[in-house]
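[1] quick one, structure for this:
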Amino acid sequence: MTAIPAAPGASSLTLICDHCGRAYPDTGTEWLVLWRAATAAGWDGRDRAVGPHRCDACG
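    Residues are numbered from 1 along each chain as shown. Below is the predicted model of the structure:
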């Protein structure tokens, strides 16, 4: 998976786990801000929006 727009035409991003499909509970308009918050919460993966990413449960 990847970081995808939260809604069609939206400027916010949703981060999704490549392993289980779980979404990070917060969204953001800037990728690096969202990624820093997710990694602080235990998410792992590449620091690029294209992934791969793993949630804290799958990491």
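[2] rank the helices and strands of this protein by mean pLDDT and give me the bottom one.
    Between all helices and strands in the chain, the lowest mean by mean pLDDT, DSSP states H and E belongs to strand 3-5, at a mean of 64.
[3] next helix or strand past it?
    The helix or strand immediately downstream of strand 3-5 is strand 13-15, counting by DSSP states H and E.
[4] any idea how far that following strand is from the chain center?
    5 Å (C-alpha atoms, centre = their mean, to the nearest Å).
[5] strands of this protein, start to end?
    All strands of the chain, identified by DSSP state E, fall at 3-5, 13-15, 44-45, 53-54.
[6] residue 30: which of those is closest?
    strand 13-15 (8.2 Å; C-beta to C-beta). In short, each C-beta sits where N, CA and C put it, glycine included.
[7] just checking, what packs against that closest one?
    Judged by 3 or more C-beta pairs under 8 Å, 6 or more residues apart in numbering; DSSP states H and E, the packing partners of strand 13-15 are strand 3-5, helix 31-40.
[8] quick one: mean pLDDT over that strand.
    Across strand 13-15, pLDDT averages out at 87.
[9] what pLDDT does the residue lying closest to residue 45 once chain neighbours are set aside get?
    Nearest residue to residue 45, sequence neighbours excluded (C-beta to C-beta, 6 or more residues apart in numbering): residue 53, at 3.8 Å. Confidence at residue 53, expressed as pLDDT, is 94.
[10] would you confirm that residue 53 contacts residue 20?
    No. In this structure, residue 53 is not within contact of residue 20 by C-beta atoms under 8 Å, at 10.9 Å.
[11] since that was my last question, I'll sign off now.
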